[in-house]
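[1] got a predicted structure here, sequence first:
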Amino acid sequence: MASTEVQTDGHIEVITGSMFSGKTEELIRRIERAEIAGQDVKVFKPSIDDRYSEEEVGSHNGSKWKAYVVDQDEDIDSVFSNLEADVIAIDEANFFDKSLVERCQQLADGGKRVIVSGIDQTFRGEPFEPVPSLMASAEYIDKLRAICTECGKPATKNQRLINGEPAHADAPTVDVGGKEKYQARCRHCHEVKTG
């Protein structure tokens, strides 16, 4: 009896880690290689992240790539439906809601290579959804590390600073910024003010 199950090459790749670990740089490297191979690539980013460009994904080192901007109010299903691309790349996934997980799974089930980058922890060191859920459903995960600005060891934490001091645990989770607001820190140098 022949199987009716459709076999595809679709899969999900997650690139995660702390800020300043090279996530977007790695995303751009992968999409460049896909384009060199003749694959059709579509890149998406959330509108909230306009640090380096309003219409491009950008890394801290200056690398950029043209992207479709997704507004926070847009229906994620309509944005990612009927895509004719071979490769779908999504930067700053931590700024999307949890519906991104199901949509990425549908794209992969439909034969698409889905590459997602984003931080997996808040400045408090807690899971930053939807990235941890994407990691659970991904076939490939790369967790990159930065260098701790305090001791020089591998850094996996995001240190938020307010007026040069560690942020209080009650501060809002989302505060878009770069080196003026954040540092990469190791587990031992990471601080969150309480009380």
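    Received, thanks.
[2] count the neighbours of the closest residue to residue 129 other than its chain neighbours for me.
    Distance criterion CB to CB, 6 or more residues apart in numbering; nearest residue to residue 129, sequence neighbours excluded, is residue 98 at 5.7 Å. C-beta here means a position set from N, CA and C on the backbone, and glycine is covered the same way. By the measure other CB atoms under 10 Å, the count of residues near residue 98 is 11.
[3] please apply the same query to the one 10 residues further on.
    The local packing of residue 108 (other CB under 10 Å) involves 21 other residues.
[4] ok, residue 125 next?
    16.
[5] where's it relative to residue 81, distance?
    According to CB to CB, to the nearest Å, residue 125 and residue 81 sit 35 Å apart.
[6] please apply the same query to residue 120.
    27 Å.
[7] more neighbours, those two?
    For residue 120 versus residue 81, neighbours defined as other CB under 10 Å are more numerous around residue 120 (24 against 11).
[8] residues touching the more buried one, list them.
    For residue 120, the contact set (CB atoms under 8 Å, 6 or more residues apart in numbering) comprises 16-17, 94, 127-128, 131-132, 135, 143.
[9] same check on residue 115?
    13, 15, 27, 30-31, 87-90.
[10] can we see that at 6 Å?
    13, 30, 89 (CB atoms under 6 Å, 6 or more residues apart in numbering).
[11] which SS state does the last one fall under?
    What DSSP: H, G, I helix; E, B strand; the rest coil gives for residue 89 is strand.
[12] quick check: beta-bridge partners of it?
    residue 43, residue 115 (DSSP bridges).
[13] and it, how far from residue 116?
    In this view, residue 89 and residue 116 are 8 Å apart by CB to CB.
[14] repeat for residue 39
    Distance from residue 39 to residue 116, by CB to CB: 17 Å.
[15] neighbour-wise, which of the two wins?
    Legend: neighbour count by other CB under 10 Å for residue 39 and residue 116, higher for residue 116 (28 against 13).
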